[in-house]
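**Q** Structure for this input, please:
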Amino acid sequence: MALRKSTRTGVVGVAAAAMAAGAFMVPARAASDTPPAGDGHRATQRSMDAIVKAGTPGITAQARDADGVWEATSGVGDLRSGAPRGKDDKFRAGSITKTFVATVLLQMEAEGKLSLDDTVERHLPGLVRSNGNNGRRITVRQLLNHTSGLFDYLDDEKYIETYTGEGYLKHRYDTVPPENQVKAALSHRPPSKPGAKHAYSNTNYILAGLIVEKVGTRRSYEEEVRARIIEPLGLKNTSNPRTSVHLPRPSSRGYSKLFKSAPDRIDDITEMNGSQGWADGDLISTTGDLNRFYKALLTGKLLPPKQLKAMKTTVDSPGAPYAAYGLGLARLETSCGTTLWGHAGGIVGWLSMAVTTPDGRHQLAYNFNGDWDAASWLKLTEAEYCNTSP
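**A** The predicted structure follows:
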């Protein structure tokens, strides 16, 4: 599960791409999809409170299981006014967007509009051809499972310089066409050969979004996501912002530590141009909508069996023997042996996660409105599924 990067640079998307590699690495026990008997969600609430006490402004969460729907918050949604986080808060979900994009492309494959083994060149002729990058050797499948070998545009030095510290505060309202992000990535040689290994790169999903627009019958990737997923599932609180800088209400403020030289400085960065995330991370949603989406996905409501099987066919994430990545979907094994499917998402100001058991019967989604404590993601997930206390 991967996120936009990074606390070490303060780039436009934050919080370490660790989820792609090692953040889900926990000691594994005997496999099971049934969490241990516990005390409801009290361990989850205690974990949320501990994370807030450690410095995250606020958290909103929702769990769904055999006992029904549990919603809870901890901390504040506005550091200035002290207003609490809301159970229905809308937030920027970051790389959780990738599961939506992969779902759209797999639906298109089921309709015969493309094949996962099509090359990037077939759908985006001439776009990926420079510095050793060759779209004729990269497939759609390799984009979706991050084995394309393409450089992550968020690691580009010029991109980092533009969106670090004062640069970010100056440029966060800029409209960034996806072609700009592709250009930044292709100014570098590919770190590895196509198919050689899993290496999380946000560039993959910029290209995936462009393929959606080439293959689809609608005018934009956002319209395909809305028509194919958001509207059929009734996700009334989920949207793609396009170039809007605002969060729809109800929502809390989002906060970031943008300056390495001032580690205690916290900036309110709630407003940002949605195009800076686009198909690799622009989604706005709620915990309830994310739980509804992942349950529908894992229980076959969005994809035929063949495509869902392909989505769940994983490649190993280097350095994370208990995590694996499929097509826009990651698998996690908790310390108590529970298998989970889902995705994490980080974008400047926000950290989110949404996971579910394979049968869709036990789900958890949550969001931090501060982007600097990625290490606590798993603590909260473990608290819910393994009844661990801080």
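**Q** Strands of the stretch 151-300 of the chain, start to end?
**A** With DSSP state E, counting those that start in this stretch, the ranges of strands along the stretch 151-300 of the chain come out as 255-256, 267-268, 284-285.
**Q** Turn these into a markdown table, columns for distance to residue 226 and mean pLDDT.
**A** Every C-beta, even on glycine, is put in place using the N, C-alpha and C of the backbone. Shown next, in a markdown table, are those (distance: least, C-beta to C-beta, whole Å; pLDDT from 0 to 100):
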| stretch | distance to residue 226 | mean pLDDT |
| --- | --- | --- |
| strand 255-256 | 28 | 98 |
| strand 267-268 | 29 | 98 |
| strand 284-285 | 12 | 98 |
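**Q** Can you check which of those gets nearest to residue 237?
**A** strand 284-285 (6.4 Å; C-beta to C-beta).
**Q** what does that closest one contact?
**A** Contact with strand 284-285 is made by 90-93, 96, 235, 237-241, 247-248, 274, 293, as judged by C-beta atoms under 8 Å, 6 or more residues apart in numbering.
**Q** how about a cut-off of 6 Å?
**A** Residues outside strand 284-285 that contact it (C-beta atoms under 6 Å, 6 or more residues apart in numbering): 90, 92-93, 238-239, 241.
**Q** can you list those in CSV and add pLDDT, neighbour count and distance to residue 282?
**A** Output for those, formatted as CSV (pLDDT from 0 to 100; neighbours: other C-beta atoms under 10 Å; distance: C-beta to C-beta, whole Å):
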residue, pLDDT, neighbour count, distance to residue 282
90, 98, 22, 13
92, 98, 32, 8
93, 98, 32, 9
238, 98, 24, 11
239, 98, 21, 9
241, 97, 21, 6
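**Q** still on that earlier bit, could the strands of the stretch 151-300 of the chain go into CSV alongside mean neighbour count and distance to residue 318?
**A** Output for the strands of the stretch 151-300 of the chain, formatted as CSV (neighbours: other C-beta atoms under 10 Å; distance: least, C-beta to C-beta, whole Å):
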stretch, mean neighbour count, distance to residue 318
strand 255-256, 25, 28
strand 267-268, 16, 33
strand 284-285, 25, 30
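**Q** Which parts of the stretch 51-200 of the chain are helices?
**A** Taking DSSP state H, counting those that start in this stretch to define them, one finds helices in the stretch 51-200 of the chain at 97-110, 120-123, 140-144, 157-162, 166-171, 178-186.
**Q** Quick one, which of the strands of the stretch 151-300 of the chain gets closest to residue 60.
**A** strand 284-285 (11.5 Å).
**Q** Nearest the middle, which residue of this protein would you pick?
**A** Most central in the chain under C-alpha atoms, centre = their mean is residue 95, positioned 2.1 Å from the mean C-alpha point.
**Q** Spatially nearest residue to residue 96 (excluding sequence neighbours)?
**A** residue 345 (3.9 Å; C-beta to C-beta, 6 or more residues apart in numbering).
**Q** Correct me if wrong: that neighbour contacts residue 98.
**A** No. At 8.2 Å, residue 345 does not count as touching residue 98 under the criterion of C-beta atoms under 6 Å.
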